[in-house]
Structures are given as C-alpha cells and as structure tokens.
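Could you work out the structure for the sequence below:
(chains A and B)
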Amino acid sequence: MEIILNNRNEYFDGEHMTITDLIKAKNFTFKLLVTKINGRLVKKEERDEAIIKNGDDVLVLHMISGG
Amino acid sequence: MIQKIKKVLRTKTVGIAGCGGLGSNCAVALARVGVGHLVIADFDSIDVSNLNRQYFFLNQVGEKKAYALRDNIVKINPEVKVTAFDIRLDKHNVRELFIDCDIIVEAFDLADMKHMLVETVLTFFPDKYIVTGVGLAGWGDSNAIRMRQMGQLIICGDETKEVSQELPPLAPRVGIVANMQANQVLEILLKGIK
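Next up is the predicted model:
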C-alpha cells in the first residue's frame, strides 16, 4: 500500500497496518510521539488499534526538548 | 494595507504557553504587529542564563517570566491587552486559560510539556490551531528550519536538534523558530485579507 507519511509518499507491504506497526517498521524509537491519521489525533493507548489504509495521510511527530 | 492588518489583528486573541525563548520572542513579535489580546503563561522566574535568548533584561533577573514579559510588551505596544498567568500549565488548566484564544502557540522547553499541550489542544479544542516549536538547538544550519502543517497542527523547527550540553539553545536559532511561529499565526489570522 501507499501512504503519505510526514508529507512524503511511502510504500509498505500489505493492505493495512496499525500505527504501532508503522512505528516498528520505520524504527521510530522515540518516547514522545504525536501521531495522526488523516488529521485525527491517535493517542498512545490507541496506537495498537488505529488502522492505516492505502492512501491515508499519516503524521508521526517526535517531540524534542528546546525552547 | 497596514491599517487593514491592524484592524483585523486588534480583534484577535492568541495564547502563548511558556514565556521562555520561544514564548517571549513570539509574544513580542505578535505585540509589535498589534494582536489585540495575548494570553501568556509560565511558572518560572528569570535566571541570568536565560538572557542568551529570552526577551528579558538584566534588571529583570529573579522576576516571574509571565509578569516580566507582560511589562515588556506594554512598553513596546500599550494597545495590546496582556493576560499573564504565573502558573504551571497542565492538561486541566490549559482548557480553561486558552478557551477564548483563536490560536495557541506551544512555547515550552521540555518535550513532555510540548507533548501534553499538543495532545490536549488537539483533543479538547479540535477547531483551534496549535503552532508548535520542535528542534532549535545549536547554531547554523538555517535551511533545516522549516514549517509543515497537518490539519490544525503547525510544526516549526528542524524537528531534529534537541537541546543538550553540546547543543545549547541560543538566541539566533531560537529566535528564528519563535518568529516563524509568529509568522504562521499571522498567516492564519490574516487569511483572506486583501
């Protein structure tokens, strides 16, 4: 399937995946992530169930200190 | 055009969560252009080490950041109404303090506070924009600093460089991100103006 991840096209095997799958596949190891699918916030406790499908627009934002 | 801009901005309210490097510089930029009402909040006091990037003066060391920033804004543009809270923000009081804001600027230093604010605003104020600052440590590499938007969330910064002993926060890069946040606020507030 093809999705938009952080404004870039990305390809993954399979028809769908969860946010948790995506985090593993991309090796995002950071603790503080903000995740959205098609503009909708997916909280940490919802990431195992939140399904990403072909064509979805996904945001994974890594919050880092500094200000 | 400048009169039209002033007329629009005078009616707007912007919330700024944190009055450190990002918050103080962003607030001053928005005050200069005449945003009518700024709601600012921070629990911290000014330390001499903050002066390498934050919009405060040597004689303000020891003062509460929220009140000192209000004083500085009033000196620059007394027409701006400033509501200042000396408070540690959390997911409960954020919902009360910023309820009347058109846009909220995330201007914390710690990642877990940034995370708390972004999630709280996106959850409880789904119609409000939030402009967050992510990645501003060190110096140089100006072109790495950019903005991207997804729905109501606008991200300014390089999204990479975290503050550390080797990469301190310094005035130029912090100022770039703070002013980029102010610029995105204007883009939203002035949408459609001709």
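
Spatially central residue for chain B, please.
B:G23 (3.5 Å; Cα atoms, centre = their mean).

In chain A, where is pLDDT below threshold?
Across chain A, nothing is flagged by pLDDT under 70.

I meant to write chain B there.
Judged by pLDDT under 70, no stretch of chain B qualifies at all.

which residues in the chain form strands?
Using chain A. Under the criterion DSSP state E, strands of chain A are mapped to A:2-5, A:8-11, A:16-18, A:33-37, A:40-42, A:51-53, A:57-62.

was after chain B, sorry
Under DSSP E, chain B gives strands at B:13-17, B:37-42, B:81-86, B:103-106, B:129-133, B:146-150, B:153-157.

Which one of those strands lies nearest to chain A?
strand B:146-150 (4.6 Å; Cβ to the nearest Cβ). Bear in mind the C-beta positions are built from the backbone N, C-alpha and C, glycine included.

what's the closest one in contact with?
A:6-7, A:36, A:39, A:57, A:59, B:154-158, B:180, B:184 (Cβ atoms under 8 Å, 6 or more residues apart in numbering or on different chains).

Save the strands of chain A as JSON lines, and put in distance to B:K114 and mean neighbour count too.
Compiled in JSON lines, the strands of chain A are given as follows (distance: least, Cβ to Cβ, whole Å; neighbours: other Cβ atoms under 10 Å in any protein chain shown):
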{"stretch": "strand A:2-5", "distance to B:K114": "21", "mean neighbour count": "16"}
{"stretch": "strand A:8-11", "distance to B:K114": "23", "mean neighbour count": "9"}
{"stretch": "strand A:16-18", "distance to B:K114": "24", "mean neighbour count": "17"}
{"stretch": "strand A:33-37", "distance to B:K114": "9", "mean neighbour count": "21"}
{"stretch": "strand A:40-42", "distance to B:K114": "14", "mean neighbour count": "18"}
{"stretch": "strand A:51-53", "distance to B:K114": "24", "mean neighbour count": "16"}
{"stretch": "strand A:57-62", "distance to B:K114": "10", "mean neighbour count": "20"}
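
Can you convert these into JSON lines and add a column each for distance to chain B?
Output for the strands of chain A, formatted as JSON lines (distance: least, Cβ to the nearest Cβ, whole Å):
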{"stretch": "strand A:2-5", "distance to chain B": "10"}
{"stretch": "strand A:8-11", "distance to chain B": "11"}
{"stretch": "strand A:16-18", "distance to chain B": "19"}
{"stretch": "strand A:33-37", "distance to chain B": "5"}
{"stretch": "strand A:40-42", "distance to chain B": "4"}
{"stretch": "strand A:51-53", "distance to chain B": "14"}
{"stretch": "strand A:57-62", "distance to chain B": "5"}
